[in-house]
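Visitor: Here you go, sequence then predicted model.
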Amino acid sequence: DIQMTQSPASLSASLGETVTIECRASEDIYNGLAWYQQKPGKSPQLLIYNANSLHTGVPSRFSGSGSGTQYSLKINSLQSEDVASYFCQQYYDYPWTFGGGTKLELK
Amino acid sequence: EVQLVESGGGLVQPGRSMKLSCAASGFTFSNYGMAWVRQAPTKGLEWVATISYDGSSTYYRDSVKGRFTISRDNAKSTLYLQMNSLRSEDTATYYCTRERYYRGYYVMDAWGQGASVTVSS
């Protein structure tokens, strides 16, 4: 199975700040990676797919980058509604696997 | 608007069975692969199973292989997950997801609200 290591596990940032979340795959996943946002008590919502493509309706302050085994999610100009948990997920090979998640809070 | 509505969750004893359903609307169900993803309380996400648009192909994680069966009824726009020989470690919220094809990959682009399954005596 492909292991997805996500960091940091938690993050505290101020409004307007730029934050970056990292995800490392145990092998090359050829950009087969998505990022999801999950707010408390809600289901996950797709933000980024294929490593760097913004899903429909997602604000442009979210962006994804990376290749090979290293990927990142960047949130520019942090807003209060961005407080949530974020997960990466590889779909290059079965079983699809997720990172452990990053809990983003406001400082 | 894409809608996925799960049902059938609840409390079940270890070793017993339970069947989850997911009613889809707002899109042509028979054109999309579908999947189940679960999340144990305060834990991360875990992919469970996938079924192709026509039901001809299915994929499972090892821990549920032989116990869970994913299926679909395209005439009813409904996805199912039959869970047998349930264990305490199957306790989780189960999400129904739609898989959309994006340039070489299938991406889970829509999620239901989830169905809670608790396995306990």
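Guide: Good, I have the coordinates.
Visitor: so B:W47 touches A:W96, yeah?
Guide: Yes - here B:W47 reaches A:W96: they are 4.0 Å apart, a contact under Cβ atoms under 8 Å. (Each C-beta comes from the backbone N, C-alpha and C, glycine too.)
Visitor: residues bridging contact with the two, i.e. touching both?
Guide: Residues touching both B:W47 and A:W96 (Cβ atoms under 8 Å, 6 or more residues apart in numbering or on different chains) are A:Q89.
Visitor: Now the phi/psi pair for the residue lying closest to B:N84 once chain neighbours are set aside, please.
Guide: Closest residue to B:N84 apart from its sequence neighbours, by Cβ to Cβ, 6 or more residues apart in numbering or on different chains: B:S17 at 4.7 Å. Backbone geometry at B:S17, expressed as degrees, to the nearest 10, gives phi -120, psi 160.
Visitor: check contacts around residue 11.
Guide: If you meant another chain, say so; for now it's chain A. By Cβ under 8 Å, 6+ apart, the contact set of A:L11 is A:V19, A:I21, A:T102, A:K103, A:L104, A:E105.
Visitor: wait, I meant chain B there
Guide: Contacts of B:L11 by Cβ under 8 Å, 6+ apart are B:T118, B:S120.
Visitor: Could you give the bridge partners of it?
Guide: Taking DSSP bridges as the rule, B:L11 bridges to B:T118.
Visitor: cool, the one 10 residues further on as well?
Guide: Here B:S21 sits in beta bridges with B:S7, B:Y80, going by DSSP bridges.
Visitor: Determine the number of other residues adjacent to it.
Guide: A count of nearby residues for B:S21, using other Cβ atoms under 10 Å in any protein chain shown, gives 17.
Visitor: Hmm, it is touching B:L4, no?
Guide: No - in this structure B:S21 lies outside contact range of B:L4 using Cβ under 8 Å: 10.6 Å.
Visitor: any residues in contact with both of those two?
Guide: With Cβ under 8 Å, 6+ apart applied, the contact sets of B:S21 and B:L4 do not overlap.
Visitor: just the strands in chain A please.
Guide: A:4-7, A:10-13, A:19-25, A:33-38, A:45-49, A:53-54, A:62-67, A:70-75, A:84-90, A:97-98, A:102-106 (DSSP state E).
Visitor: no, scratch that, I was asking about chain B
Guide: Secondary structure of chain B (DSSP E): strands located at B:3-7, B:10-12, B:18-25, B:33-39, B:45-51, B:58-60, B:68-73, B:78-83, B:92-102, B:105-111, B:115-119.
Visitor: Show me which residues of chain B are close to chain A?
Guide: Proximity of chain B to chain A, by Cβ under 8 Å from any Cβ of the partner chain, involves residues B:37, B:44-47, B:50, B:59, B:61-62, B:95, B:102-114.
Visitor: Now which of the residues you listed would you call buried?
Guide: Among the residues of chain B next to chain A, those scoring as buried are B:37, B:44-47, B:50, B:59, B:61, B:95, B:105-112, B:114 (criterion: 16 or more other Cβ atoms under 10 Å in any protein chain shown).
Visitor: Go through stretch B:90-101 and flag the buried ones.
Guide: Residues B:D90, B:T91, B:A92, B:T93, B:Y94, B:Y95, B:C96, B:T97, B:R98, B:E99, B:R100 are the ones in stretch B:90-101 that count as buried (16+ other Cβ under 10 Å).
Visitor: go on, stretch A:98-106?
Guide: A:F98, A:G99, A:G100, A:G101, A:T102, A:L104.
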